[in-house]
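*Asks:* When you get a sec, could you give me coordinates for this:
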Amino acid sequence: MSFQQGLSGLNAASKSLETIGNNVANANTVGFKQSQMQFSDIYASTLSGSGAAQIGIGTQIARVAQLFSQGNITASNNPLDMAINGDGFFRMSSGGTITYARNGQFELTKEGYIENAAGGRLTGYMADANGVVAIGAPTEIIINKADLAPKATTKYELKLTLDSRKDPLVANNFNPDDPTTFSDSTSVPVYDSLGNSHVLRTFYVKTAGGQWSVFATNDGVPIGYTLPTSATNPPVPLGTMQFGTGGVLTGTTPSPLVAAMAVTTGAVTPFNISIDHAGTQQFAQAFGVARQLPDGYKAGTLTGFDVANDGSIVGRYSNGQVNVLGQVILSRFANPNGLQNIGDNQWVETAESGVPLTSTPGSSGLGAVQSARVEESNVDLTAELVNMITAQRYYQANAQTIKTQDQIMQTLVNLR
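*Replies:* From the prediction side, this is the model:
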C-alpha cells in the first residue's frame, strides 16, 4: 500500500517549507546564507538483489545544503561595519572558542575590542608602535587608543624653482632681517623630540650665474652664527648649490645640507635636519615651492580609524598622521558546506569542512574587506515565494495519494 510513500512526501514537503520559511525569515539578516533542502529516494532491500521490479517506498532528506554565494554589498553609516567581497569568513573568538562569520556588523567595546552582536571578538594581527604588523598566531584585535608619540624632524624634502633673473648679491652682506640681502626665502614648521614646533626658514642668496648660498634660521635665530655680523663674525651659510647651464641642480656643498636646530625646550639639542633639494631648478621665472615635506610631527590623539581592503586597520590622529594599528584576517574552507551552523550568524569547523586556511584579505584566494559596508543576505525572495508555491502543491499532491489509497482501502473493506 502507498501510505508510506505519501507520508514520506508529506514529511519532505513540510521540511521543504520549513527551509523556505527560514530563508524568508532571514531575508534581511546581514551575512545570512540561504539553505536548500535536498532529497533522495528510498528503495526497500530485496533478497534476490534484482531491481527489475522494485518500486520505491518514498523520499527522505539527503541533506540541507547552504549556498555560500555572494550577497549584495551595501553602504553603512558605521565605519566598523565590514563586508567580505569574495571568499572567506571573519575569524571570531568567543571566550577562546573560534567561530567563523560572514556578518561584519561590529562595534568597539570600552576595552577596545572589535566585537559582534553575539559577543565574538574579531581576530587578526597586531601592529607595534611604528605600525609594523607582526605576522604570527592570530589574536583578538584591540585598538590601541594611546597618543601617537612625537617624532623629531630629521629630513626635509624641498624642491624649489629659483629665479635666474635675480642679480647676484654679496653673501657676506646677508642679514635675515634685511630682505635686500637675500634673493628668496621659504619657511616650514619642524618638530623636536618632544613635539615642540619650531620654524625652520631657509634663505637663498644668488652669488653668481649658477651658484646660490643657502642660509637658515631657527625660530628667527641664525644657525651657525650670531647677529650682528661683522668682519670677525661673518654670516655662515649651510652651504652652496650649483646649477648647470640647463638650470638643473648639479649638486650641493656639503651634500646634504644640514641645519643644526638648537632648542631649549628640554628636547634633544641640537637636532639635525638634512635638507634634500633634489629636483630644484633655476629658470627665468618667479620663485616657487614645488614640494615641501618635513618628516617630523607633534604628538597626536586617535580621532578615528578605517579598514583598508587588505584588512589593515589604519588609525587617524589629530596631528594629521596615520598609523597601522592591526590587520584583520580571513579564513576559508575547502568544504564550507561541512561547517556547522550554531546560530547568531556563526559557524564552527568540523571534520567535513576541513581545516581553515587563514591569511590576510586579498591573498591565498581570499576576498577583500570593504569598510563601512555590509553584505546582505543572499536570499532571493522572488525565488523563495515560487518555491513555496511548489512545495505547497507538492504537499497537496502527496496528501491526495494518501486520500486515494484510503478510498481504495475503504472499497476493500466494503467487499462482502
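
*Asks:* mind checking how far the helix or strand Leu162 falls within is from the chain centre?
*Replies:* Following DSSP states H and E, one finds Leu162 within strand 155-163. Its chain's C-alpha centre lies 35 Å from the corresponding centre of strand 155-163 when counted by C-alpha atoms, centre = their mean, to the nearest Å.

*Asks:* Could you list the buried residues of it?
*Replies:* When neighbours are counted by 16 or more other C-beta atoms under 10 Å, the buried residues of strand 155-163 are found to be 156, 158-163. All C-beta spots, glycine's among them, are computed from the backbone N, C-alpha and C.

*Asks:* Could you dump those into TSV with distance to Asn398 and pLDDT added?
*Replies:* As requested, the buried residues of strand 155-163 are arranged in TSV below (distance: C-beta to C-beta, whole Å; pLDDT from 0 to 100):
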residue	distance to Asn398	pLDDT
Tyr156	83	97
Leu158	84	96
Lys159	82	97
Leu160	87	96
Thr161	87	96
Leu162	92	96
Asp163	94	96
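
*Asks:* ok, so of the residues you listed, who is nearest Asn414?
*Replies:* Asn414 has its nearest neighbour among the buried residues of strand 155-163 in Lys159, at 106.7 Å by C-beta to C-beta.

*Asks:* what about the closest one, distance to Gly296?
*Replies:* 18 Å (C-beta to C-beta, to the nearest Å).

*Asks:* tally of neighbours for Tyr191?
*Replies:* A total of 23 residues lie near Tyr191 under the criterion other C-beta atoms under 10 Å.

*Asks:* same question but for Pro270, I mixed them up
*Replies:* By other C-beta under 10 Å, neighbour count at Pro270 equals 15.

*Asks:* I'd like the distance between it and Ala216.
*Replies:* 12 Å.

*Asks:* got it, and Ala262?
*Replies:* Plainly put, Ala262 is 12 Å away from Ala216 if you go by C-beta to C-beta.

*Asks:* So for the two, which residue has more residues nearby?
*Replies:* Regarding Ala262 and Ala216, a neighbour count based on other C-beta under 10 Å identifies Ala216 as having more, with 26 against 13.

*Asks:* tell me which residues form a beta bridge with the more buried one?
*Replies:* Listed beta-bridge partners, Ala216: Thr202 (assigned using DSSP bridges).

*Asks:* Please enumerate the helices of the chain.
*Replies:* Read by DSSP state H, the chain holds these helices, from start to end of the chain: 3-25, 381-413.

*Asks:* which one of these lies closest to Val324?
*Replies:* helix 3-25 (39.7 Å).

*Asks:* just checking, what packs against the closest one?
*Replies:* Helix 3-25 makes packing contacts with strand 35-42, strand 58-66, helix 381-413 when contacts are defined by 3 or more C-beta pairs under 8 Å, 6 or more residues apart in numbering; DSSP states H and E.

*Asks:* now that helix: how far from the chain's centre is it?
*Replies:* Counting by C-alpha atoms, centre = their mean, helix 3-25 comes out at 43 Å from the chain centroid.

*Asks:* Can you list the buried residues in that helix?
*Replies:* Those buried within helix 3-25 under the rule 16+ other C-beta under 10 Å are 5-6, 8-13, 15-17, 19-20, 23-24.

*Asks:* okay, that helix in CSV with CA atoms only?
*Replies:* The C-alpha coordinates for helix 3-25 follow below in CSV (Å, rounded to 0.1, in the frame of the first residue of the first chain):
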residue,chain,number,x,y,z
PHE,A,3,0.6,5.2,2.6
GLN,A,4,4.3,5.2,3.3
GLN,A,5,5.2,6.9,0.0
GLY,A,6,2.6,9.6,0.6
LEU,A,7,3.6,10.1,4.2
SER,A,8,7.3,10.5,3.3
GLY,A,9,6.2,13.0,0.7
LEU,A,10,4.2,15.0,3.2
ASN,A,11,7.2,15.0,5.5
ALA,A,12,9.5,16.1,2.7
ALA,A,13,7.1,18.9,1.7
SER,A,14,6.8,20.0,5.3
LYS,A,15,10.6,20.1,5.8
SER,A,16,11.0,22.0,2.5
LEU,A,17,8.5,24.6,3.7
GLU,A,18,10.5,24.9,6.9
THR,A,19,13.6,25.6,5.0
ILE,A,20,11.9,28.1,2.7
GLY,A,21,10.3,29.8,5.8
ASN,A,22,13.8,30.0,7.4
ASN,A,23,15.2,31.6,4.3
VAL,A,24,12.3,34.1,4.1
ALA,A,25,12.6,34.9,7.8
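
*Asks:* Contacts for it next, please.
*Replies:* The list of residues contacting helix 3-25 from outside it, by C-beta atoms under 8 Å, 6 or more residues apart in numbering, reads 34-37, 39, 42, 56-61, 64, 379, 381, 384-385, 387-388, 391-392, 394-395, 397-399, 401-402, 405.

*Asks:* Please report how far the closest residue to Leu385 other than its chain neighbours lies from Tyr297.
*Replies:* Ranked by C-beta to C-beta, 6 or more residues apart in numbering and with sequence neighbours excluded, the top spatial neighbour of Leu385 is Val24, at 7.8 Å. In this view, Val24 and Tyr297 are 54 Å apart by C-beta to C-beta.
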